[in-house]
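*Asks:* quick one, what's the 3D model for this:
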Amino acid sequence: MKVYLVGAGPGDPDLITIKGRKALERADAVLYDHLAPERLLDYAPPQAERIYVGKKRSVHQFSQEEISQMLIDRARAGKTVVRLKGGDPFIFGRGGEEVEVLAAAGIPFEIVPGVTVPLGVAAYTGVPLTHREHSSVVAFVTGHSVDGIDWSKIGAAETIVLFMGLVHFAEIAKELIRMGRSPQTPAMAVRWATRPDQQTIAGTLADLPGKLEAAHMKPPATIVIGQVVALRDRFNWFERLPLFGKKIIVTRDRRQSSMLAEPLEALGAETLFVPVIEIAAAAEKSSLEQAIARLDTYDWLIFTSVNGVRHFVEALDRSPLDLRALKAKLCAIGPATRAAIEQLHLRVDVMPAEYVAESLLEALASEDLAGKRVLLPRAAVARDLVPVVLRERGAHVDVVEAYRTIVPENAAQHAHDALARKPDWITFTSSSTAKNFVALVGREALQGIKVASIGPITSATARELGLMVDVEANPHTIEGLVDAIAGN
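*Replies:* Below is the predicted model of the structure:
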C-alpha cells in the first residue's frame, strides 16, 4: 500500500513528469482535482478507480477531511493510490496538509513534484519570471485573503506571482500602488495556462483590473506583475502557433485519435475527441481463421489499413501458425499501413503512389494475376472495387472480414458536447466517420464548421451527406490532413 501525491502540471497533459506518469500506470485508485487534466486518467489501468474530488471557489465535491480519509481507507485496503493535483502538490496545492494526515495515520507516501503553474505561465506566454536586467527576486503569493498579506513586503519583490488572485485583484493592485509600486508596472493575467484555450490579458497595475472586468475573465487565472511582463511581445511563441485558438473535432477511434490529435495540438489547436467509430473484432471470425489456415497458398496479401494488419496478426497469433507460413507478396495502401507491416520485419512489395483503391489497381497493373490467389483482410463494410477488378483480371480473391466498425456508446452525447464548444473544424478520416457523425447529430448541426477530409472517397461521402468539404488532404494521410488544415 502506498499513496503518491502527484503534480499533474499546469494544464498541458504532456507536462506531467515521467515519474508521475509511471505512478498513474500502476494505480489502483486515482483521486483527481478540477485542475488536473482528465486526459492523464488514460494512463491509469482500465480497472483503476477514478474519483473526482475537485474544488472550485464555492463548490467542493468533498471536504478536505473526506479526501484525506478516502486516501487512508484505500491505502489500508492494500491499494496503490494516486492523488493527482494540478500544478505541484507543495505550492498552494494543500499537499502539505494531506501528507500530514497520511504521516499521522502511518500510511507510506511519496511526493512526485509537478511543473507548477507559474512556470507554465512563464514558458507559454514568453515571460521569464527572472531576468538579469529586470528581476532577481520572485514572490509567490495567494490572493485569497487581501488582509492576510503584508503587501509592503510583497510589493518589494521585482516579480510577483498571484495564485487565485483574480477575484480580489482590484483590491490587491490598489494596495500595491499604495505601498509604492508604480501604477505603470506591467502586469498580466493568464487563464488556463499551457492549454490550447489559454487566455492572456496584459496591461499595467493600474489598468489591468478594468481590462479583466471588461473581458469577464473567470478563475482559474494566475497574475504576474513586474517588468518581465513587457518581454511578452517578443517571446510569446505559444499564442502565435498557426492553429492556436482553433477547436478541432477528431472523430477517429479513441485508441487512434492521438495520431491526429497530437500533431494538431503541436500547432496550438484544441482537440475535441468525438470518436464516432470504434474498431471491433470481426462479428464472424471463421472466414479469417480459415484463410489463415491455408495462408501458404496465397500469392498476394493486400492490406488497406493499419487495422487490417493488426487484426490479421492477432488472428494469426491465435492460430497454430506464425509468419513463416506467409509466402505471398505484400501490398499496402498508405505509409501508415506500410509501417505496420514493416514493424513485423516484413518487406512491402507494392505500395500505390496515391492511397486510394484506384491507385492500388494501377500499381498492380503490370502484375500477371491470372490464376493467382489473393487474400484481402479488411473491414466488414468496404468498397468492392478492388476485388471486382482483380477478379476480372483472373485472380481468385478471398475477401475476409478482419474487423468491423461500430458506433461507440455515448457517441451522440460526446458529439453534442463538442458542438456546444463551437468548434472551428471537424475532421473525417473515413466515410464511416462522416456517415456516423451526421447520423448522430444531423447535417444542420455542422453549419458554420469547416470540414476537413482525408481523401476523395471520404470527401465524396461528405458531399453526398450535404456537407461542403473545405479542405482535402494531399497526400491522403494524417500528415496531409494536418497540413491542409494548417494551411487554410
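
*Asks:* for the stretch 251-400 of the chain, which segments count as strands?
*Replies:* Listed in chain order, the strands of the stretch 251-400 of the chain (DSSP state E, counting those that start in this stretch) span 270-273, 278-281, 300-303, 329-332, 373-379, 396-406.

*Asks:* packed most tightly, which of these would that be?
*Replies:* strand 300-303 (a mean of 24; mean count of other Cβ atoms under 10 Å). (Glycine included, C-beta is placed from N, CA and C.)

*Asks:* contacts for that one next, please.
*Replies:* With Cβ atoms under 8 Å, 6 or more residues apart in numbering as the test, strand 300-303 has contacts from 309, 312, 326, 328-333, 337, 340-341, 360, 369, 372-377, 386, 395.

*Asks:* which residues are contacting the helix or strand of the chain with the lowest mean pLDDT?
*Replies:* None of the helices or strands of the chain scores lower by mean pLDDT, DSSP states H and E than helix 357-363, at a mean of 78. For helix 357-363, the external contacting residues (Cβ under 8 Å, 6+ apart) are 302, 304, 331, 333, 350-353, 383, 385-386, 389-390, 457.

*Asks:* just the buried ones from those residues?
*Replies:* In the contacts of helix 357-363, burial by neighbour count holds for 302, 304, 331, 333, 350-352, 386, 389-390, 457, counting by 16 or more other Cβ atoms under 10 Å.

*Asks:* and those, which two are the farthest apart?
*Replies:* Greatest spacing in those, by Cβ to Cβ: Val350 and Ile457 (19.8 Å).

*Asks:* the closest residue to Gly226 other than its chain neighbours bridge partners, please.
*Replies:* Excluding the flanking residues, the one nearest Gly226 by Cβ to Cβ, 6 or more residues apart in numbering is Thr159, at 3.8 Å. Counting by DSSP bridges, Thr159 forms beta bridges with Val138.

*Asks:* I'd like to know how many residues surround Thr159.
*Replies:* For Thr159, the neighbour count with other Cβ atoms under 10 Å is 24.

*Asks:* ditto for the one 4 residues further on
*Replies:* Look at Phe163: counted by other Cβ under 10 Å, it has 21 neighbours.

*Asks:* what do you get for Leu205?
*Replies:* Using other Cβ under 10 Å, Leu205 has 23 other residues around it.

*Asks:* over to Tyr4?
*Replies:* 23.

*Asks:* hang on, it in a helix?
*Replies:* No - going by DSSP: H, G, I helix; E, B strand; the rest coil, the assignment for Tyr4 is strand, not a helix.

*Asks:* any idea how far it is from Asp88?
*Replies:* Using Cβ to Cβ, to the nearest Å, Tyr4 is found at 14 Å from Asp88.

*Asks:* repeat for Thr142
*Replies:* 14 Å.

*Asks:* who's more crowded, those two?
*Replies:* Taking neighbours as other Cβ under 10 Å, Thr142 and Asp88 compare with Asp88 leading, 24 against 13.

*Asks:* in the helix or strand containing Glu66, what counts as buried?
*Replies:* In this structure, Glu66 sits in helix 64-76 according to DSSP states H and E. By neighbour count on 16+ other Cβ under 10 Å, the buried set for helix 64-76 is 67-68, 70-72, 74-75.

*Asks:* what helices and strands are in contact with that helix?
*Replies:* strand 2-7, strand 29-32, strand 80-85, helix 95-104 (3 or more Cβ pairs under 8 Å, 6 or more residues apart in numbering; DSSP states H and E).

*Asks:* quick one: which of the ones you listed is nearest Ile406?
*Replies:* Closest among the helices and strands packed on helix 64-76, using Cβ to Cβ: strand 29-32, at 28.2 Å.

*Asks:* now do the closest one, average pLDDT.
*Replies:* Averaging pLDDT along strand 29-32 gives 98.

*Asks:* mind checking how far that strand is from the chain centre?
*Replies:* Chain-centre distance of strand 29-32: 19 Å, with Cα atoms, centre = their mean, to the nearest Å.

*Asks:* now the element after that strand, going C-ward?
*Replies:* Heading C-terminal from strand 29-32, the first helix or strand you meet, by DSSP H and E, is strand 49-52.

*Asks:* average pLDDT across that following strand?
*Replies:* Summarised as a single mean, pLDDT over strand 49-52 is 96.

*Asks:* could you do stretch 286-293 as well?
*Replies:* Mean predicted lDDT for stretch 286-293 stands at 90.

*Asks:* stretch 264-278 too?
*Replies:* 96.

*Asks:* so Met70 makes contact with Gln61?
*Replies:* No - using Cβ atoms under 8 Å as the test, Met70 is too far from Gln61 to be in contact (11.0 Å).

*Asks:* between the two, which contacts overlap?
*Replies:* Val53.

*Asks:* residues touching stretch 138-155, excluding its own?
*Replies:* Contacts of stretch 138-155 (Cβ under 8 Å, 6+ apart): 91-92, 118, 129-130, 157-169, 171-172, 175-176, 178-181, 223.

*Asks:* how about the strands of the stretch 51-200 of the chain, start to end?
*Replies:* Under DSSP E, counting those that start in this stretch, the stretch 51-200 of the chain gives strands at 80-85, 109-112, 138-142, 159-163, 186-191, 199-204.

*Asks:* picking that back up, what distance do you get for the residue nearest to Gly226 to Lys174?
*Replies:* Where Lys174 is concerned, Thr159 sits at a distance of 20 Å (Cβ to Cβ).

*Asks:* repeat for Ile149
*Replies:* Taken as Cβ to Cβ, the span from Ile149 to Lys174 is 13 Å.

*Asks:* pLDDT below threshold where in the stretch 251-400 of the chain?
*Replies:* By pLDDT under 70, the low-scoring segments of the stretch 251-400 of the chain are 285, 355-357, 382-383.

*Asks:* repeat that with 90
*Replies:* Low-confidence segments of the stretch 251-400 of the chain (pLDDT under 90): 254-256, 280-287, 304, 333-334, 336, 351-367, 378-390, 392-393.

*Asks:* as a markdown table, the strands of the stretch 251-400 of the chain with distance to Gly245 would be great.
*Replies:* Converted to a markdown table, those look like this (distance: least, Cβ to Cβ, whole Å):
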| stretch | distance to Gly245 |
| --- | --- |
| strand 270-273 | 8 |
| strand 278-281 | 30 |
| strand 300-303 | 38 |
| strand 329-332 | 37 |
| strand 373-379 | 36 |
| strand 396-406 | 32 |
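
*Asks:* looking at those strands, which is closest to Ala415?
*Replies:* Checking the strands of the stretch 251-400 of the chain against Ala415 by Cβ to Cβ gives strand 270-273 as the closest, at 9.5 Å.

*Asks:* contacts for that closest one next, please.
*Replies:* Everything outside strand 270-273 that qualifies as a contact, by Cβ under 8 Å, 6+ apart, is 195-197, 245-250, 254, 257, 260-261, 264-265, 414, 418, 421, 423.

*Asks:* same check, this time on stretch 340-348
*Replies:* 303, 306, 309-310, 313, 323, 326, 330-332, 338.

*Asks:* report the buried residues of stretch 232-251.
*Replies:* Under 16+ other Cβ under 10 Å, the buried positions of stretch 232-251 are 232, 238, 241, 243-244, 246-251.

*Asks:* how about stretch 190-201?
*Replies:* 190-196, 198-201.

*Asks:* pLDDT of it, averaged?
*Replies:* Stretch 190-201 comes out at a mean pLDDT of 96.
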